[in-house]
Each structure stands twice: as structure tokens, then as C-alpha cells.
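Trainee: curious how this folds, go ahead:
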Amino acid sequence: DTRYKALVIVGAYGGLRIGELAGLRCKSITATGEVTVAETATEAEGVVTIGPPKTRAGIRNVVLPAGAAEVLAGHLAALVDQGPEAWVFPAPDGGVLRAASWRSRFWRPAVRSAALEPLRPHDLRHTAVALWIAAGIGVLEVSRLAGHTSTSFTLDRYGHLFPQSERQSAAKLDRYLADLPVARILHEPADFNLTRND
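Mentor: Numbering: from 1, shown residues only. Model (predicted):
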């Protein structure tokens, strides 16, 4: 359903959880594509509750890349009541989006149609983190963007996506040291003729 294209784009490029996407209000979006994550919609036993994210780290600002910001702006202009309290991604009836119902009515049929099973909505978040890492964003910033409580969690979950980070770090250090006087020590020939007593 094209009503939810922007939800998928914001999930895949902004790294928001499905509850964070459901809890977004128009007042949380700036004209430049900055998304403030301050509320999340959680559903338990058929009741949706709107509240803050589970941790302080979950409250954050995410700036979308230009293309994703344009998709979101088009979505807001065409499909959403522009009041500040309006849901950015409302349910078909206009209320708050219920994640479980949305998954069964919209997500799973779309995934099945695209032959992408067993893709989950949470995999959009993993996509965003993988893209940030591939773009060279450091672990501290990735952790902040994802709303993780620690960089340790980010490294435990996504450390395998930082390929050759040791080699990249060594290359950066080489470039830095090349301009320092201490660098000449690295290039002076060593005297291997010294005895142990020398």
C-alpha cells in the first residue's frame, strides 16, 4: 500500500523501530527532514500505549538523507492531516497505527509479493545501521543514531559490519604520523648488530 512507502523509507534510512514509527507525530518532523524520536507506540493485549522510549538513549534526533527526507515530505503533504499532533503514519482508520495489525494487513502481503520473506519490519532498522556503517559513520555516532544505550551493544550487534576496521585505523594513523617529526624514527634503519649487553 503506497500509504506506507514513507514508513518503509524512514525505517530503512532513519533506523526507527516500528513502535517509534507508529508514535511519530507531525510536530516531530522538521522541514529539512530531521526526525525527533520522543514517543513510541506499544501494544499489549490489544491496547496501544503512547509513551517515551524505553531508555533515554531512545530519545534522539535523526537527520534523514535528502532522498528519504523528500519522500517523507511528499507523504506529509499528500496523506497526513497537518496538525502538530497528527500521526505521521496513521492507521487506515486515521487512529494510531497498530503494529500487529499493520504487519498482517500490509507488511506481510507486500513482503510475500516481493519474494522477500521472512523480512521483518525490524530488518529495516538493521538496514539503516548497515548503511551508516558502510558510509563510514563511526561507532559512537551509529550508536547515538540507533538509540542504543552503549557503543558496546552496537559493537556486539553490528561489529561484524565494520570490515577491516583495524587496517583502516592503521592507514589513518600512518597518514597522521607522516607529518609529525616522530615519523622519521619509523624510517630510520635499525642497528641489528647490537649485542644483548649493548
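Trainee: in this structure, which spans are strands?
Mentor: 34-37, 40-44, 47-51, 60-63 (DSSP state E).
Trainee: mind listing what's buried in the first one?
Mentor: Spelled out, it's strand 34-37. 35, 37 (16 or more other Cβ atoms under 10 Å). Using the backbone N, CA and C atoms, a C-beta is placed for each residue, glycine as well.
Trainee: what does it rub up against?
Mentor: 10, 14, 16, 20, 24, 28-29, 53, 58-64, 72, 147 (Cβ atoms under 8 Å, 6 or more residues apart in numbering).
Trainee: make it 7 Å
Mentor: Strand 34-37 has contacts (Cβ atoms under 7 Å, 6 or more residues apart in numbering) with 10, 14, 16, 20, 24, 28-29, 53, 58-64, 147.
Trainee: same question for stretch 104-117.
Mentor: Contacts of stretch 104-117 (Cβ under 7 Å, 6+ apart): 1, 4, 119, 121.
Trainee: any low-confidence regions in this structure?
Mentor: Applying pLDDT under 70 to the chain flags residues 81, 162-168, 182-198.
Trainee: please redo it, this time with the cut-off set to 90
Mentor: Filtered on pLDDT under 90, the chain yields the residue ranges 1-2, 31-33, 44-47, 54-58, 78-83, 93-94, 130, 132-142, 146-198.
Trainee: export the strands of the chain to JSON lines and tack on distance to residue 88?
Mentor: Listed next are the strands of the chain as JSON lines, based on distance: least, Cβ to Cβ, whole Å:
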{"stretch": "strand 34-37", "distance to residue 88": "9"}
{"stretch": "strand 40-44", "distance to residue 88": "11"}
{"stretch": "strand 47-51", "distance to residue 88": "13"}
{"stretch": "strand 60-63", "distance to residue 88": "13"}
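Trainee: out of those, nearest to residue 80?
Mentor: Minimum separation from residue 80 across these (Cβ to Cβ) falls at strand 34-37, 13.9 Å.
Trainee: how about the closest one as CSV, C-alpha atoms only?
Mentor: Extracted in CSV, the C-alpha atoms of strand 34-37 (Å, rounded to 0.1, in the frame of the first residue of the first chain):
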residue,chain,number,x,y,z
GLU,A,34,15.1,15.9,10.9
VAL,A,35,13.0,13.4,12.9
THR,A,36,12.8,13.7,16.6
VAL,A,37,12.1,10.4,18.3
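Trainee: begin at 36, not 1, for the rest of this chat.
Mentor: Fine by me, first position is 36 from now on; the one you just mentioned is strand 69-72.
Trainee: chain center to that strand, what's the gap?
Mentor: With Cα atoms, centre = their mean, to the nearest Å as the basis, strand 69-72 stands 12 Å off its chain's centre.
Trainee: try stretch 125-138
Mentor: 22 Å.
Trainee: repeat that for stretch 130-142.
Mentor: In terms of Cα atoms, centre = their mean, the centre of stretch 130-142 is set 21 Å apart from its chain centre.
Trainee: would you mind listing the buried residues in that stretch?
Mentor: Buried, per 16+ other Cβ under 10 Å, within stretch 130-142: 131-134, 137, 141-142.
Trainee: and what of stretch 96-115?
Mentor: Using 16+ other Cβ under 10 Å as the test for burial, stretch 96-115 gives 97, 99, 103-104, 106-108, 110-111, 115.
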